[in-house]
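Student: Got a predicted structure here, sequence first:
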Amino acid sequence: MKINFVLNGKGRVLNAPSDRRVIDFLREDLGLTGTKESCGAGECGVCTILVDGESRLSCLMFAAQLEGRNVLTIEGLASEETLHPMQEAFVQFGAVQCGFCTPGMILSALDLLKRNPHPTRTEIREGLSGNLCRCTGYQKIVDAVEATACKKEKGPPL
Amino acid sequence: MKSLEIGRPIPRVDAYSKTTGQERYAADYYGENLVWAGVKRAGIAHALIKDIHIDDAKTLPGVISILTHKDIQGSNRQGMIRKDQPVLADNKVNHCGDAVALVLAEDKASLHKALDLITLDLEPLPGIFDPEKAIGEGAPLVHEGHPQGNVLFKGVLETGDIEIGFKECHAVVEACFELPHQEHAYLETEAGWAILKENGQLKIVVSTQSPFRDRSEVAEALGINVEKVRIIAPYCGGAFGGKDGVTVQTLLGLAVFHCPGRPIKMWWDREESFLASPKRHPARLYYRLGVKPDGALHALDVRFYYDTGPYDHLGGAVMALGLEHACGPYRISNVSLKGFCVYTNSPIGGAFRGFGVPQVTAAMEQMMDMMATQLGLSPFEIRKRNAIRCGDKNPIGISVTGSTGFEECLKTLEEHYLWKKRNEWKSKAGPFKKRGVGIASVMHGMGYGPVVPDFANAKIELTREGKFRVFSGVVDIGQGNASTYLQIAGAILNQDMAHMELVLPDTESALPSGSASASRTTSTFGNALIGAAQSLKHRVLQRAAIYFMAKEIKEVDLIPGGVNHFTTGKEIPLSEMFHILDDSEKVAAYTFTAPTAKENPTEDQNLRLHGVPHLIFSYGVHLCYVEVDELTGNIEVKRYLAVSDCGRIINPQTFEQQIHGGIAQGIGYALCEEFIVKEGRVRTPDLATYIIPTALDVPEMDSIPLESYEPTGPFGLKGAGEISIDGPLPAIANAVADACGVRLFRSPFTPERVLKALKERENREFEH
Amino acid sequence: MKRVFLPHNLEELWRIIAGEPKADIYAGGTDLLVKLRQNLINTPSLICLERIEELKGVHEQGDEVMIGACSTHTSLLENPIIQRNFPVLTKALNVLASPLIRNMGTIGGNICTASPAADTLPPLYVLKAEVEIRSRSASRQMALKEFILGPGITCLKAGEIVSGIWVKKVPGFNLHHFEKVGQRKALAIAIVSLATLFKISGEEMVEDVRLAWGSVAPTVVTSNEIEAMLVGHRLSRQVLKKAAPIARAIVKPIDDIRASADYRRQVAENLLIRLGSVQK
């Protein structure tokens, strides 16, 4: 079927079988391999994308469900030369190790800050609790999100 | 820009590409004309293979080829020490994850259909799943021809006289501990792709920890010339030991000969990864510890069994490292240690961060607390009285040399507010909650041991663009060593990150440097890199001195992007130096081999081959606060402190990442991670049933490095990759005992087990 | 290949159902796509309800609240009407799976999946929720506890969907409590859960109480007997201890990979004991 949607800021009309999983559509058909897959069952969060600004598990969605939506994958977050403040914080605070959870983690963190701009550390942990990380023990990820939230008060809106 | 410095928290170079989704992992390849490869697995623990029916699958549209052991020209055996694991099972199935047939298909859907259509004609054999029973009489044999039956490897270490020792003891404590399989659960499951090029080269891009060893394993198992095999190792999406050894490599290597010129991809899904990958060895450990009246440890008798599943993988070495660490960082004069690594039909036991040490530390550190309770000493005091120091003989009879900061770790803990405020915190537990504080000592040896050479070959070159390019020989599996290599070379060459370049391990361009394992990654390769960088620096400066007509080489020095002549203030960019230097001068390589212990605790050459003894150890002490819910049995870890002596630190941020990550995995190991297989059937097949900690399950952690200087390490460094996973389980167990007086000898400490123990205690008290 | 339909309104939905009578109907997909991965879905087509606005939202109608079946868990968590009137539901939603699942999964989906471990069911039982069921030609309403027949089994007939959940406000119940025991703090499937509504007098006396246990039987367990035992008393340990053995007797748990039946029985009892220390 034809799917009309916005992908990383650009309007696209693309063909895909309606039951193609969004994760496969993004990775295999569109080459957007920044979105990862690890469990295929909603248990790890590495396939997180933003759909109309809300975090979604792309392994539990069909391509048909993208019709008319605004989709942001990790590839669409940074502008040409500048990292998004959340990405920058992940780099600076050492929130990245193997990096396989990182794209999903960053996008979940953005969903969290949109709902709760000044979360406590516990609220950050709750907000990220659907995104597993096996390397970091989460602490530096929480640091990065906390720092981004603090900066947000003064800096440009996310 | 500032030049790179040792000891600074420099953000990792890979963090940029990983946060933007640009980094290409082995799993991220989808080339033109891609072939999908997949494997039919046994699904049964022990059986004779009568027949493999592939005809229905073969005729399915989209199926290119189906291969079995008959299609393998080489030895069809892989393994690092003992080559006992088939690429594709031939006559027998030895565990439920054994690969039996390889399918190549045009797309994933056809692949899965074909895998379903393959049927196996199997004659079930009685399986053996308990290592102690497996060495008993009449147990079914996993490998009929193995001379020691189901004993893969036995190790014995003895010092003093254990019988006299115990006779001289004032108090004795005895216990048996049981630990489960732990699954690595790296987020990037096993993945790779391969292609047979026109020139006959077999190129494999794979998520691996050991590209150079993979290369020879693939060649031997498949019967091809090792020169024809090229392994490329991108950043791993996690590995933790689970990718130290062949996963998809040989299967891909076999596949390419059946569709030459086409790229072939294999990516295990989560369930397949859990089914087929090696795990941390389940262990049963019998400990008996005796002390003198003053609390001095005097005798320790240990016998333990590690279940290695049907294949060695690295099981023998894992067991040997456990044996060497069985006594903890203490002085004990009479010791008898016996370790058995046993073949069973369980999942494969292999390398997992900690490498056999978490199991023995779990036992020994709980013994220390049990003994302290018996003596009426504090857990801290008993450790302090027995702490190992530089100059001591360790319990297996090796002199302790080099940096040994264990006592200082204890002192640091003693002065920490989390230790000082523990009683105040404990007193504030809410209704139905009990609070406790536990500590555990840790130590971890570095490198391969006395026989297998722990070497690395670093290579660095000056590029046309005026940058220094480091050829990393050891894979970055997520721990950040690639960045640290740039930091080391940059510091020596006085460059900033902009003038440093990295080439990830590729057997074609890098030089053999061993595996990303054994807490050796930064140490061994770092030492080699120092040599290579210094050598290139010297050459560049020599030529620059001539260029500037300097009287002495001292008049010139490297600056970011160039060379400066102090006397005249003139500079020459490195891109120009490139043209001045001859091609042969632009590259420097350096070999470093880690020193080994001169003393020998054993005449058993096999035990030495498996890594005993080590020379350099990192040390530490962990502390945790836990709260136990008396109504549910749930344990919550509320706070954690790790004081670590891992030598000097090159990048504090990367160091802390390792400590935090190990603690989190250790908390999972203690509280919820248990890979369950019943009679060969996996009961925890996915991330919904195998439970690893979420962000809410890991507490805030403090990491305090105690920077002793290790003279043999690069800039004084020691290994830090594994030590932090050794402590959480016993620290938590000790805290739970402190909180509510119960000790669980079987882990993980699930709410159900805790509640049962609480109930039993209650019943006992009622009876009295 | 399966066809996926995305009707935008009920009219369209009925038309599609008529043409695809064998289709599986789903909302958030957090359950269906997992089953699909396990090869448990054999239908040729799928109908997704996520675009049907009529099935979303929370509507206050006098002393009743109508929750659209396709409201996501997140939307309910953030909804002031739910927060104000049904804290017991909010507390359960807050520990349901993970934020990602909550952004996708819906309350109607949670009900229709009818898992014994579903987190929204015990709160909805104590709230005496009713489900509104619609088909092309009819609409009916029934008590949730009548609707759910067993694990994965409901009264839903072919061509029907759950369109909404009706919940009466419970102004007198001044203490809402939900506790879930899982294997970890998030992304956990309940081993035992207990939802409770209390009407507590100024003298700390229980005037009314409703209790519902999850994950300890094929369907949610309630007990008039225990409720009656608590009414007219303070929530002392003594009173609760007396009631606890009944909880143990009425639950019918199973052994599974997460916990044994014995543990579930014990904890079903213990969660009742906890009620004495629940803060208002």
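Tutor: Cool, the structure landed. Everything quoted here is computed from the prediction, not taken from an experiment. Numbering: from 1, shown residues only, chains lettered A, B, ... in the order given.

Student: Nearest residue to the middle of chain B?
Tutor: Within chain B, the residue whose C-alpha comes closest to the C-alpha centroid is B:R353; the distance, by CA atoms, centre = their mean, is 2.9 Å.

Student: Excluding residues flanking it in the chain, which one is nearest that one?
Tutor: B:F240 (4.6 Å; CB to CB, 6 or more residues apart in numbering or on different chains). (C-beta placed from N, C-alpha, C; glycine too.)

Student: low-confidence ranges in chain C?
Tutor: Flagging of chain C using pLDDT under 70 yields the residue ranges C:280.

Student: and it, which of its residues are near chain A?
Tutor: Within reach of chain A by CB under 8 Å from any CB of the partner chain, chain C has these residues: C:1-6, C:28-30, C:33-34, C:37, C:46, C:48, C:50, C:74, C:78, C:97-101, C:103-104, C:185-187.

Student: just to revisit the earlier point, was I right about the residue nearest to B:R353 contacting B:G668?
Tutor: No. When contacts are counted by CB atoms under 8 Å, B:F240 is not listed as touching B:G668 (11.5 Å).

Student: In terms of neighbours, single out the busier of these two.
Tutor: Neighbours of B:F240 and B:G668, each counted by other CB atoms under 10 Å in any protein chain shown, are more numerous for B:F240; the result is 31 against 26.

Student: residue contacts, the more buried one?
Tutor: Contact analysis of B:F240 by CB atoms under 8 Å, 6 or more residues apart in numbering or on different chains lists A:R134, B:H184, B:Y186, B:F352, B:R353, B:I477, B:Q665.

Student: that older thread, ChimeraX command to pick out the buried ones of the residues of chain C next to chain A?
Tutor: Command for ChimeraX that selects the buried part of these, burial taken from 16 or more other CB atoms under 10 Å in any protein chain shown:
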select /C:2,3,4,5,6,28,29,30,33,34,37,46,48,50,74,97,98,99,100,101,103,104,185,186,187
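
Student: Can you sort out which of the residues of chain C next to chain A also neighbour chain B?
Tutor: Filtering the residues of chain C next to chain A for proximity to chain B by CB under 8 Å from any CB leaves C:S98, C:K185, C:A186, C:L187.

Student: coming back round to it: tell me which two in the contacts of B:F240 are the farthest apart.
Tutor: Every pair in the contacts of B:F240 was compared (CB to CB); the two farthest apart turn out to be B:I477 and B:Q665, at 13.6 Å.

Student: Does the residue nearest to the centre of chain B touch B:I725 like I think?
Tutor: Yes. Here B:R353 reaches B:I725: they are 5.1 Å apart, a contact under CB under 8 Å.

Student: B:I477 and B:Q665: which has the busier surroundings?
Tutor: B:I477 (32 against 29).

Student: That one against B:G242, yeah?
Tutor: No. Between B:I477 and B:G242 no contact is recorded; they are 9.5 Å apart, counting by CB under 8 Å.

Student: OK, contacts around the spatially most central residue of chain A?
Tutor: The structure's chain A has its C-alpha centroid closest to A:L107; by CA atoms, centre = their mean the separation is 2.6 Å. With contacts defined as CB under 8 Å, 6+ apart, A:L107 is in contact with A:T48, A:I49, A:L50, A:S55, A:L72, A:I74, A:L77.

Student: can you rerun that using 6 Å?
Tutor: By CB atoms under 6 Å, 6 or more residues apart in numbering or on different chains, A:L107 lies in contact with A:T48, A:L50, A:S55.

Student: Now do the SS call for it.
Tutor: Following DSSP: H, G, I helix; E, B strand; the rest coil, the label given to A:L107 is helix.

Student: What score does whichever residue of chain A sits closest to chain C have for pLDDT?
Tutor: Closest approach of chain A to chain C (CB to the nearest CB) occurs at A:G130, with a separation of 2.6 Å. According to the model's per-residue confidence, A:G130 sits at a pLDDT of 98.

Student: same deal with A:K154?
Tutor: We note a pLDDT of 46 for A:K154 in this prediction.

Student: Skipping adjacent residues, who's closest to residue 53 in space?
Tutor: I'll assume chain A. With CB to CB, 6+ apart as the measure, A:K114 is the residue that lies nearest to A:G53, at 6.4 Å, once sequence neighbours are left out.

Student: meant chain C actually
Tutor: Using CB to CB, 6+ apart, the closest residue to C:E53 is C:N9 (7.4 Å).

Student: Around that neighbour, how many other residues sit close by?
Tutor: Residues within reach of C:N9, counting by other CB under 10 Å, total 13.

Student: Look up how far C:I52 lies from it.
Tutor: Relative to C:I52, C:N9 is positioned 6 Å away (criterion: CB to CB, to the nearest Å).

Student: same thing with C:H233?
Tutor: In this structure, C:H233 and C:I52 are 47 Å apart, going by CB to CB.

Student: Compare neighbour counts for these two and give me the winner.
Tutor: Here C:H233 and C:I52 are compared on neighbour count by other CB under 10 Å; more neighbours surround C:I52, at 22 against 16.

Student: Phi, psi for that one please.
Tutor: Here is the backbone geometry of C:I52 (degrees, to the nearest 10): phi -90, psi 100.

Student: What residues does it make contact with?
Tutor: The neighbours of C:I52, taking CB under 6 Å, 6+ apart as the test, are C:N9.

Student: Report all helices and strands that the helix ranked longest in chain B contacts.
Tutor: Selection of the longest helix in chain B by residue count, based on DSSP state H, yields helix B:521-547. Helix B:521-547 is packed against strand B:455-462, helix B:481-493, strand B:556-559, strand B:587-593, with contacts defined by 3 or more CB pairs under 6 Å, 6 or more residues apart in numbering or on different chains; DSSP states H and E.

Student: Next one: the longest one, is it in contact with chain A?
Tutor: Okay, so that is helix B:481-493. No. Under the criterion of CB under 6 Å from any CB of the partner chain, helix B:481-493 makes no contact with chain A; the nearest approach is 10.4 Å.

Student: partners of the helix or strand following that helix, with directions?
Tutor: Sequence-wise, the next helix or strand beyond helix B:481-493 is strand B:500-503, with elements assigned using DSSP states H and E. Each strand that pairs with strand B:500-503, with its direction, by DSSP bridges: strand B:468-471 (parallel).

Student: coming back round to it: for the helices and strands packed on helix B:521-547, give me CSV that also has mean neighbour count, mean pLDDT and distance to B:S333.
Tutor: Conversion of the helices and strands packed on helix B:521-547 to CSV gives the following (neighbours: other CB atoms under 10 Å in any protein chain shown; pLDDT from 0 to 100; distance: least, CB to CB, whole Å):
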stretch, mean neighbour count, mean pLDDT, distance to B:S333
strand B:455-462, 24, 98, 35
helix B:481-493, 25, 98, 39
strand B:556-559, 20, 98, 53
strand B:587-593, 18, 98, 33
